[in-house]
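*Asks:* For reference, the sequence and a predicted model appear below.
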Amino acid sequence: MTYWDSSALVPLVVDESSTARMREVLSADPGVTTWIWTRTEVISAIERRVRQGLILAPERRPVLGRLDDLAAGWDEVTEILAVRARANALLARHPLRAADAGQLGAALQVREQTGAGLPFVTRDRRLALAAEREGFEVLDVGD
């Protein structure tokens, strides 16, 4: 099982320079765990690319379909109140955006529940540093 931040999942549905690398990470451990808000974050990234003209209108639906296929196989952390409490504490310790604190809070929740090491996959350098400081092995920190 591996925890995936939305920044690492986007290249699995949108062709980017990091797509091949993220596919390698996924093939090594297809057990994706993420938090309940991740799908919304990934849709936001897709729609932003559509508005910017980086994804053409006819490509939008297939990209969203790839997200649906990917999301059908992942596990979601749904304990919103517990994640929120962890995220609030993380914001005092690390210079994170709210959604990133939520991602890391969800990963902490999973790690506590499983009692096992949980690799953390992200393309966001600031989140990667915070995850490392919280004791996670970070598998990818972006370009």
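*Replies:* All right, it came through fine.
*Asks:* mean confidence for stretch 43-58?
*Replies:* Across stretch 43-58, pLDDT averages out at 97.
*Asks:* This structure: strands as residue ranges?
*Replies:* Applying DSSP state E to the chain gives strands spanning 2-4, 32-35, 75-77, 120-121, 138-140.
*Asks:* Switch these over to JSON lines; also include distance to Ala107, mean neighbour count and mean pLDDT.
*Replies:* Yep, even glycine has a C-beta here, placed from its N, CA and C like the rest. Shown next, in JSON lines, are the strands of the chain (distance: least, Cβ to Cβ, whole Å; neighbours: other Cβ atoms under 10 Å; pLDDT from 0 to 100):
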{"stretch": "strand 2-4", "distance to Ala107": "4", "mean neighbour count": "25", "mean pLDDT": "96"}
{"stretch": "strand 32-35", "distance to Ala107": "8", "mean neighbour count": "24", "mean pLDDT": "97"}
{"stretch": "strand 75-77", "distance to Ala107": "8", "mean neighbour count": "16", "mean pLDDT": "97"}
{"stretch": "strand 120-121", "distance to Ala107": "6", "mean neighbour count": "26", "mean pLDDT": "97"}
{"stretch": "strand 138-140", "distance to Ala107": "11", "mean neighbour count": "20", "mean pLDDT": "86"}
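*Asks:* Any chance of CSV for the ones you listed, columns distance to Arg97?
*Replies:* Below are these laid out as CSV (distance: least, Cβ to Cβ, whole Å):
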stretch, distance to Arg97
strand 2-4, 17
strand 32-35, 14
strand 75-77, 18
strand 120-121, 16
strand 138-140, 17
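*Asks:* any idea of the pLDDT on Gly142?
*Replies:* On the pLDDT scale, Gly142 is placed at 66.
*Asks:* So for stretch 111-125, what gets flagged as buried?
*Replies:* Neighbour counts over stretch 111-125 (16 or more other Cβ atoms under 10 Å) mark Arg111, Leu118, Pro119, Phe120, Val121, Thr122, Arg123, Asp124 as buried.
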